[in-house]
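Q: This is the structure alone, sequence omitted:
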Ligand SMILES: [Zn+2]
């Protein structure tokens, strides 16, 4: 699962909880940020093999600290507490349910990975591996990613008031994510090394975070030079 994760970020953001979209973009990929970091450090292991599954070259044969069920729960709780702590410390208003939503957004990553991954997700440590393996079926997996993303964006647009220019920007961001997913799923390429792959993960995910931040800034500037 790749851009489908962002559907949850779009779906979680409401006028009431006011969680910034960029924070939710970090939350839904939090487990992959940890994974990419641990692979870079040589603690978790990844093989990038052409044709490993029809829809992905990633053979994550050892990722118990970022992607086991137990650790996914732990990271979700930590993320919720961090959000609560940071908001409290900097006097940022947050609704009572916001930390819980952050925790659920982080945990959603594991559920969506469970659908896509082959049996490489451990329940705990590196044992009892599960995964429904939708990545073995390229077109259905791609269709699911796009359908989820579209549904998430539709929810975001109906549950948040915004000027037309921002609506356009949100749809533009959605289309960009679709293009990135087309590239990832369908454009043949030579496998990179494990370290280069996770460096790419860090760069792309962080680019998307900045785009989510920029999108929510559009049309929110106060007009200081009102002509009266
Ligand atoms: Zn993942």
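A: Structure received. For clarity, every value in this text was computed on a predicted model and none was experimentally measured.

Q: Now residue 43: closest residue in space that isn't a chain neighbour?
A: In this structure, residue 43 finds its nearest non-sequential neighbour in residue 65, 6.9 Å apart by Cβ to Cβ, 6 or more residues apart in numbering. Glycine gets a C-beta too; all of them are placed from N, C-alpha and C.

Q: and that neighbour, what helix or strand is that in?
A: helix 64-67 (DSSP states H and E).

Q: and that helix, what does it pack onto?
A: Helix 64-67 sits against helix 30-40, helix 69-89, strand 121-124, with contacts defined as 3 or more Cβ pairs under 8 Å, 6 or more residues apart in numbering; DSSP states H and E.

Q: For residue 45, see how far away residue 178 is.
A: 31 Å (Cβ to Cβ, to the nearest Å).

Q: out of the helices and strands packed on helix 64-67, deepest packed?
A: Comparing the helices and strands packed on helix 64-67 by mean neighbour count (mean count of other Cβ atoms under 10 Å), helix 30-40 ranks first with a mean of 21.

Q: near the ion at all, it?
A: Yes - interface with the ion: helix 30-40 contributes residue 32 (Cβ under 5 Å from the ion).

Q: what sits up against stretch 80-94?
A: 17-19, 23, 98-100, 102-103, 106 (Cβ atoms under 8 Å, 6 or more residues apart in numbering).

Q: residue ranges for the strands of this structure, please.
A: 45-48, 58-62, 121-124, 127-130 (DSSP state E).

Q: pLDDT at the closest residue to residue 32 other than its chain neighbours, what is it?
A: Counting by Cβ to Cβ, 6+ apart, residue 32 lies nearest to residue 201, which is 6.2 Å off, once chain neighbours are set aside. What the model reports for residue 201 is a pLDDT of 96.

Q: okay, now residue 201: neighbour count?
A: Residues lying near residue 201 (other Cβ atoms under 10 Å) number 20.

Q: Please report how far it lies from residue 76.
A: Noted for residue 201: a distance of 20 Å to residue 76, by Cβ to Cβ.

Q: Please apply the same query to residue 174.
A: In terms of Cβ to Cβ, residue 174 sits 25 Å off from residue 76.
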